[in-house]
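Visitor: Just a sequence and a predicted model for now, questions to come.
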Amino acid sequence: MGLFQQHANHKHGADLMREELVTLVIKAFQEISEQQDLTLAAPPSEETPLFGSDGLLDSMGLVTLVVAVEQAIEDTFGISTSLADERALSQRNSPFRTIGTLADYAHAVINATASNG
């Protein structure tokens, strides 16, 4: 297999993992929104605001979501992660803004965990 094909397969795998992470975050968000009786204007998507000025979750809802996503990552990928760490909290743009930004951040954490062994 040539270098280009290896890169293409790696990118395809990364895209699939990101899609799975978006799905995991959406499922966890849906469960929490049902528990908290949140009224959603539209079905959750990558653009759905989670936390912040337009966010649908309060701080307890966000904590519950982060724990649910961490558990789903461990159940799905067999990787133990911590998404609410110092790195997340110190970023200029919060990774907890939307479903998409949380999925992107989880993807970066998983990649960092995998490369650190």
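Guide: Good, I have the coordinates. Numbers count the residues shown, from 1 in each chain.
Visitor: Any regions of the chain where pLDDT drops low?
Guide: 1-12, 117 (pLDDT under 70).
Visitor: Repeat the analysis, applying 50 as the threshold.
Guide: 1-10 (pLDDT under 50).
Visitor: Can you tell me the centre-most residue of it?
Guide: Ala103 (2.7 Å; Cα atoms, centre = their mean).
Visitor: and that one, which of the three is it?
Guide: helix (DSSP: H, G, I helix; E, B strand; the rest coil).
Visitor: Could you measure from it over to Ala68?
Guide: Relative to Ala68, Ala103 is positioned 13 Å away (Cβ to Cβ, to the nearest Å). From N, CA and C alone the C-beta is placed, and that goes for glycine too.
Visitor: Which stretches in the protein count as strands?
Guide: Here the chain has no strands by DSSP state E.
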